[in-house]
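1. okay, predicted coordinates and the sequence, questions at the end:
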Amino acid sequence: MISRRSLTRTNAVVAAVVVLLLVLPAFGSDFFVRFIMTQTLILGLMAATIVFLTAYGGMISLAQLLLAGVAGFMFGNAALSEGARGLNLGLSPWVAVVFALAVTTVVAFLLGALASRTTGIYFLMLTLVYGVIGYTVFAQVVTISGPSGITSIVAPEPFTEPVNLYYAALVLSVLAYIAFRAIGRTNFGLAMQGVRDDPIRMSSLGFNVALHRTLAFTLGGLVAGVAGLLNVWWRKQIDPASINIGPTLAILIIAVIGGISYFEGAWLGALVYVLLNTYTKSIPLIDQIGLTPDRFNTVIGLMVLLIMVLSPEGLAGILERLSRGRGLGKPTQHSVEPPTTSTSPVRTGPGGLQ
Amino acid sequence: MAPDATAAGGIDGGDTSSVVQLSSVTMAFGGLLALGGVDLDVAQGQRLAILGPNGAGKTTLFNVVAGDLVPTQGSVVIKGVDCTRLPSRHRPRLGVARTYQKARSFPGLTVADNLYLALVGRRGRHMSLLWPGRVGRDLRDRARAAASAVWLEDRIGMRVSDLSHGQKRQLEIGMALATDPDVLLLDEPASGLSRGERERLTELLEQLPAHTTLLLIEHDMDVAFQVGRRVVVMADGLVVASGSPEEVQANSLVHEIYLGSEAHT
């Protein structure tokens, strides 16, 4: 059972971090704010949708980056007017935002409706297939992208200013974090957790399991689409390689590093990922042990391995245990036993579900 | 005693309208015939115990009635609605609640949340993304009352994964009873309970509202014969005997296939 004291402590830490992030531009370097932290918040938001689907619904999705990419590509197609690849619809930026999110939501609903019939490893593989298909579509259909993607994308005002984009990513991350946690106590969120634990029982109680899974996937896709918009505004371009298998797995790895049953872990994992990706290349003499810049994935792989050995609950789980004065190998007081069905692969933690 | 398993007559001989009607229900799993054409007619308020050895088809029959299985042939009518091909999720709207042979609940949620979900399943608003308001508070109150009814009031905040086997069984019964069902299907509810818990369970089932129709699979004869006003005996996917508990206990065929000398004790 999750203690109120634990929740209060989690909330206090999260609030303190948010306050710190709010004032960060005042004392942090431009590079750290505009590159490290903006990227961290965007990747964390994407990874949070994986946590949302996994922790509540038992659905480990590898399609979240695809859905983010759909939003990015659709924004590029809708907002650009001339001389660019894509449809060049020339819509105003905010109409393009609505268009991109609408298309993403419809795509997420359709993909979710199909995937909702599967569970466990089959769901994972199907969403991976979605990612591969999505990459192929955007790489080959020149009408909407082509292999070189869409460039010269400009964010709507006021997000052309990097600091404003940082704040947008921060605000949206905080809103998503609060919303995801709050949903866990609504009928929809409780039903998702019921579906995660025993879909047959949920059906016998009167719930439409397939529709629940579909709508959860759609909601996750919508938030991933928001992250995709931020991403395309930050990068100012999008190409099919950015939604290929490598980056797709990176989002899952971020969620695993942070702790796939902790919403806080999504942003924590993203921070570690971005820091490693940025700074391991410049560590003195690191190339002497074979870790050249193009071997970043080796560093990440070792990191994931280390975390899995120490705690499958990721960094958030490790921090929680340490804060409780428990050893790394001991179970937390409120961890649940692995649920009985294949659709329930996750543990649940304090920040994750209450 | 009629082997056609017509179980008419309410608990007090009152309402005799059929609530559950099975006609020639056949269920085949490949070459295995689990149900070989079962006819069953259960009246409102009836307390029907279904007995039979392992493999007789009792749980398959429950799964067909509850909508977890679509019969190969035959029809299932509940409260006048043909439910033969309706998925199980439509049953609660008809007032049907069930438990499973192996207790099924949601181990990642608390006892209170499990009971709450059972109530939401019956009451609707499944997709609400809003925090439950007054209606939600009412359902939470009912969930607490349901927990008390199955002696789990001091476990209401615990995760189900931390409950004992017997407590999980109690919770499942509580989830079924919480919805105030018109048709209650209990699959071996006394399994895994201590003697004292079985006695309390029997008492609880005897206190069910008169309008509640009960179909009970139970291997514990004390519970089955005390709760059941009518008894149906199954063997090899067929109904082989039905009648009052006394009639069934006196039936020589039943002695042969199931009860043995136990009936005489």
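-> Nice, thanks for sending it over. Remember, predicted model here, so these are calculated numbers, not experimental data.
2. CA atoms for contacts and neighbours, from now on please.
-> Will do.
3. from the contact counts, what lies against the helix or strand containing residue A:266?
-> Per DSSP states H and E: residue A:266 is located in helix A:263-279. In this structure, helix A:263-279 packs against helix A:38-51, helix A:162-183, helix A:245-258, helix A:296-310, helix A:314-323, helix A:350-353, with contacts taken as 3 or more C-alpha pairs under 8 Å, 6 or more residues apart in numbering or on different chains; DSSP states H and E.
4. CA-only coordinates of the second one in PDB, if you can.
-> Read that as helix A:162-183. Coordinates of each C-alpha in helix A:162-183 appear next as PDB, following Å, rounded to 0.1, in the frame of the first residue of the first chain:
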ATOM      1  CA  PRO A 162      14.700  28.900 -27.700                       C
ATOM      2  CA  VAL A 163      14.000  29.900 -24.100                       C
ATOM      3  CA  ASN A 164      10.300  30.100 -24.800                       C
ATOM      4  CA  LEU A 165      10.500  26.600 -26.400                       C
ATOM      5  CA  TYR A 166      12.200  25.400 -23.200                       C
ATOM      6  CA  TYR A 167       9.400  26.800 -21.100                       C
ATOM      7  CA  ALA A 168       6.800  25.300 -23.400                       C
ATOM      8  CA  ALA A 169       8.500  21.900 -23.000                       C
ATOM      9  CA  LEU A 170       8.600  22.400 -19.200                       C
ATOM     10  CA  VAL A 171       5.000  23.400 -18.900                       C
ATOM     11  CA  LEU A 172       3.700  20.600 -21.100                       C
ATOM     12  CA  SER A 173       5.900  18.100 -19.300                       C
ATOM     13  CA  VAL A 174       4.500  19.200 -15.900                       C
ATOM     14  CA  LEU A 175       0.900  19.100 -17.200                       C
ATOM     15  CA  ALA A 176       1.400  15.700 -18.700                       C
ATOM     16  CA  TYR A 177       3.000  14.500 -15.500                       C
ATOM     17  CA  ILE A 178       0.100  15.800 -13.400                       C
ATOM     18  CA  ALA A 179      -2.500  14.500 -15.800                       C
ATOM     19  CA  PHE A 180      -1.000  11.000 -16.100                       C
ATOM     20  CA  ARG A 181      -0.900  10.700 -12.400                       C
ATOM     21  CA  ALA A 182      -4.400  12.000 -11.900                       C
ATOM     22  CA  ILE A 183      -5.800   9.700 -14.600                       C
END
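5. that helix vs chain B: in contact?
-> Yes: contact of helix A:162-183 with chain B (C-alpha under 8 Å from any C-alpha of the partner chain) involves A:182-183.
6. how about residues contacting that helix?
-> Helix A:162-183 is contacted by residues A:18, A:21-22, A:25, A:33-34, A:37-38, A:41-42, A:44-45, A:48, A:52, A:158-159, A:189, A:223, A:230, A:234, A:263-264, A:351-354, B:129-131 when judged by C-alpha atoms under 8 Å, 6 or more residues apart in numbering or on different chains.
7. do stretch A:38-50 as well
-> So stretch A:38-50 is in contact with A:60-62, A:64-65, A:68, A:165-166, A:169-170, A:173, A:176-177, A:220-221, A:223-224, A:227-228, A:230-231, A:251-252, A:254-255, A:260, A:263, A:266-271, A:274, going by C-alpha under 8 Å, 6+ apart.
8. ok, back up a step: can you give me how far the helix holding residue A:266 is from the chain middle?
-> Centroid displacement of helix A:263-279 relative to its chain, using C-alpha atoms, centre = their mean, to the nearest Å, is 11 Å.
9. please apply the same query to stretch A:261-273.
-> With C-alpha atoms, centre = their mean, you get 9 Å for stretch A:261-273.
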